[in-house]
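Peer 1: Got a sequence here, can you model it:
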Amino acid sequence: MKRVAILISGGGSNMLELVRSMTGDHPARPVLVASNDPSASGLAKAAALGVPVVAVDHRPYGRDRAAFEAALQAHIEAAHPDILCLAGFMRVLTPGFVSHFEGRMLNIHPSLLPRYPGLHTHQRAIDAGDTEAGCTVHEVTAELDAGPILGQARVPVLPDDTAESLAARVLVAEHRLYPAVLRRFAAEDLTPLIL
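Peer 2: Reported below is the predicted structural model:
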């Protein structure tokens, strides 16, 4: 049985979908939900589901990302995870942290990578006149949003879409895609999944 730690920064809707999926014959179980924000509402939601939680506030560390990551990593390592899932974790991780978990860290990104890495993905898709958008689950590497793609789900861009309306439809797809990819990844199936 694979052990999964999940990193969040906010409400944790993708984290909740992952936690709720890891039951029955699923090859993994959640062992920790961690956040860089002690006020992240996802922490209470995870705790209510019986998952251990921890917060390491990044703010006291200022610009010293390595010190923040060392504190966070100590909590993660104490849970002995086999897989680390980023689920709305809004901190850019240093190459040192990434390399430590390389090959076992996943992220979900709200675009069809390699299009639109980084932020403001939905507005960028609308501004480009794209007819479809979506989300991608990928392995995390030192280069932002550039790791091997493990799954994608597509949604149409409608003529009257705003960034907010498109984001809401993409989030529904994220909630389907991320648990499906995690299940396959935990079973050591790296074949990209297209939904």
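Peer 1: C-alpha only now, for contacts and for neighbours.
Peer 2: Fine.
Peer 1: pLDDT below threshold where in this structure?
Peer 2: Scanning the chain for pLDDT under 70 picks out no residues.
Peer 1: how is it carved up into domains?
Peer 2: Following automatic domain parsing, one finds the domains of the chain at 1-101, 108-195.
Peer 1: Which of the three states applies to Leu166?
Peer 2: helix (DSSP: H, G, I helix; E, B strand; the rest coil).
Peer 1: Spit out the contact partners of it.
Peer 2: When contacts are counted by Cα atoms under 8 Å, 6 or more residues apart in numbering, Leu166 is found next to His122, Val157.
Peer 1: cool, and Glu139?
Peer 2: Glu139 sits next to Glu102, Gly103, Arg104, Met105, Leu106, Asn107, Gly147, Pro148, Ile149, Leu150 when contact means Cα under 8 Å, 6+ apart.
Peer 1: cool, Leu106 as well?
Peer 2: With Cα under 8 Å, 6+ apart, Leu106 has these contacts: Ile83, Leu84, Cys85, Leu86, Val137, His138, Glu139, Val140.
Peer 1: what's across from it in the sheet?
Peer 2: Beta-bridge pairing for Leu106 (DSSP bridges): Cys85, Glu139.
Peer 1: go on, Ser35?
Peer 2: Beta-bridge pairing for Ser35 (DSSP bridges): Ile8, Ala55.
Peer 1: Test my guess that it contacts Val56.
Peer 2: Yes - look at Ser35 against Val56 with Cα atoms under 8 Å: they come within range, at 6.3 Å.
Peer 1: Looking at the two, which one has more neighbours?
Peer 2: Taking neighbours as other Cα atoms under 10 Å, Ser35 and Val56 compare with Ser35 leading, 26 against 18.
Peer 1: distance of the more buried one from Gly88?
Peer 2: Separation of Ser35 from Gly88 (Cα to Cα, to the nearest Å): 10 Å.
Peer 1: Look up the residues that both of these two are in contact with.
Peer 2: What both Ser35 and Gly88 touch, as defined by Cα under 8 Å, 6+ apart, is the set Leu7, Ile8, Ser9, Gly10.
Peer 1: Tell me which stretches of the protein form strands.
Peer 2: 2-8, 28-35, 53-55, 83-86, 105-109, 132-139, 149-156, 193-194 (DSSP state E).
Peer 1: now the first one and strand 105-109, what's the angle there?
Peer 2: Spelled out, that is strand 2-8. Taking axes from the mean of the first three to the mean of the last three Cα atoms, to 10 degrees, one finds strand 2-8 and strand 105-109 inclined to each other by 40 degrees.
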